Structures are given as C-alpha cells and as structure tokens.
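Q: Predicted structure and sequence below. I'll ask about it afterward.
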Amino acid sequence: MRNGKPAVIAAVMLLLIAVTYFAKGALHPGQAGGTGTAGGLFSAREDNLESRVAKLEKALQNANQIQLQLLELVEQLRQEMEQADPGESGGKTRTAALKARIAAGNMHGGERQLTREERYRQYREMQRQRLIDAGLNPDRAEFILQKQERFQFEHMQVAYQYRHLRDKSSAEAAELREQLDIYSNPRKMFEHELNPQEFELYLEANGGRQEMRVDRVISDTPAAAAGLQPGDKIVSYNGERVFHMGDLRSQIYKVDPGKTVPIEVQRAGSSGTEVIYVPSGPLGIQG
C-alpha cells in the first residue's frame, strides 16, 4: 500500500482538478463544460432565473464540499508518507525533497518569496543531508559544514593580506600564495581534517572519488620507466591527494630535485592501489 500512495495521490489530484473544472463550468457556461451539466443550468429551457440561480448555488455547494474533502485526503496521505519509514531510498528522497522545497520557495508564483536567510538555511540543510546520505553521521556532517565556513573566512583573510602586500616578490608573498593555493581547493583541507574513511565519504558526497587518469605515457620518461600505462589513475603524489593534472603539477613543483617520490597508483581494471617510486620532476604523462 505504501508504494501505491503516489499513484493514489495522483488520482485524487486528477479528481480534484475535475471538480474544479466542473465548478468553473457552472460559473462560466461558455468555458470548461458549458455545454454539459453545469452549462445546462443556464439553458433557455429553464422556467425562470430564480430557479437557475438556486440550482447553481446547490451545484457550487456540492462541488466545494467535494473539493474540501479531497484536499483533506491529499494532506492526510502526504503526512502519512512523511511519517513512514524511508527505507533504502529514504536519504535520496529527503535530499530531493529539500531541493524541491528550495526550488518552490524561489518560484515567483508561490505564496511568498523566501528571504535570503531562509534560502541559505535550506541550502545548508541540503548540504548536510547530502553528507549524511553518503554515510557520515550527523555530528561529523555538521563539523564539515562548520569547517567549510571557516575555510571560506580564512581564505578571504589570506587573499586580503596578499592583496595589500606591497612586495609581491618577498618570501611572505610566496608563503601567502602557497596558502591561497591550498585554500582554493577545500578537498585538500579536508584530507588532513578527516580520517581516511570519512574523507572518502566526503568525496562521495561531493561528486564521487576523483583521481587523475593517465591518458598517455611518453616514452623514455620517469613514468615509462616506472611502468605507468594509459588508464592508470594517480591517487596521490608524495603523500598528497591529487584530483587532476593541475594538482599533480603543483605537487611536482614542490619537491626538490634529486629526491625519490612515492606515487599511489590505481591500475586500470583494479579496485586496489599500489605505491611506485619515481625521481622528482616531471613524469612524462598526459592526463
């Protein structure tokens, strides 16, 4: 019965529309059924105007009663569905419902426009529910949201300091640029704030696991010597997670020449990872 409720609600809504259509026809005989039962109220064959008005009032009263009963039924079914156990798809349903509420609140035809604060609260709750749906408990989901807000503030602070720094070639400026690079990628911040399992769930909630895929390996390069092949994915470089070529390039530039660097790799067709070692510097891959 629970699975049939959406269909029941749809049927009730269609019946409700039909009743409204009937009422409209009673009021406007030239529209929506003016030639049917309601339109007959205004037929020239009726004895007098008083009789037709009496029949019209009775028809409208019956239509209003049916409409009210149907509205009460729809509301009752809606409340029962909200109170029912969500099951396996409950999390996704709740998240979809939150998105629908936000969209509905922004529609110009609604009862009222949501304030900016209300829209922000709904959006924040949608983010929180998305983290919970991914498998994080509510406390950790709230922790992540608070950290995101903190990161945004700190990012603005660093950007403000760098903008008002006179000597952009100084060591202080170089340090600020490095901090800006870190703050521009919240995923890197959370890599050090969350344990490995939580970090994977966080990534899942924000678009799934992302690793840099190797599209081509140039011959006679460190990558070719280490056995990297097209289709392999580079998960981390020198202990730092990478998500795209820009991440990898940034990490390569940070390591001094003459070092040996560990790279975590997921081979094509494999679900596990392995660590290989390459000399510091460009790898010789395209991705």
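A: That came through fine.
Q: Gly281: neighbour count?
A: 16 (other Cβ atoms under 10 Å). C-beta here means a position set from N, CA and C on the backbone, and glycine is covered the same way.
Q: residue contacts, it?
A: 222, 252, 255, 257 (Cβ atoms under 8 Å, 6 or more residues apart in numbering).
Q: Tell me the one of the residues you listed nearest Arg128?
A: Checking the contacts of Gly281 against Arg128 by Cβ to Cβ gives Ile252 as the nearest, at 36.3 Å.
Q: can you pull the pLDDT of the closest one?
A: Ile252 is assigned 91 on the pLDDT scale.
Q: Most neighbours of all the contacts of Gly281, which one?
A: For these, neighbours tallied by other Cβ under 10 Å; top is Pro222, 19 neighbours.
Q: quick one: what helix or strand has the closest residue in space to that residue that isn't next to it in sequence in it?
A: Nearest residue to Pro222, sequence neighbours excluded (Cβ to Cβ, 6 or more residues apart in numbering): Val278, at 4.6 Å. Assessed by DSSP states H and E, Val278 sits inside strand 274-279.
Q: Give me the contact list for that strand.
A: 222-223, 225-228, 258-265, 267.
Q: Direction included, what does whatever helix or strand comes next after that strand pair against?
A: The helix or strand immediately downstream of strand 274-279 is strand 285-286, counting by DSSP H and E. Sheet partners assigned to strand 285-286 using DSSP bridges are listed as strand 216-217 (antiparallel).
Q: I'd like the next helix or strand past the partner strand.
A: Criterion used, DSSP H and E; the element after strand 216-217 is helix 222-225.
Q: Now do the buried residues in that following helix.
A: Using 16 or more other Cβ atoms under 10 Å as the test for burial, helix 222-225 gives 222-223.
Q: outside of that helix, which residues touch it?
A: Contacts of helix 222-225 (Cβ under 8 Å, 6+ apart): 214, 217-218, 278-279, 281-285.
Q: Most neighbours out of the residues you listed, which is it?
A: Neighbour-wise, the contacts of helix 222-225 (other Cβ under 10 Å) top out at Leu283, 26 neighbours.
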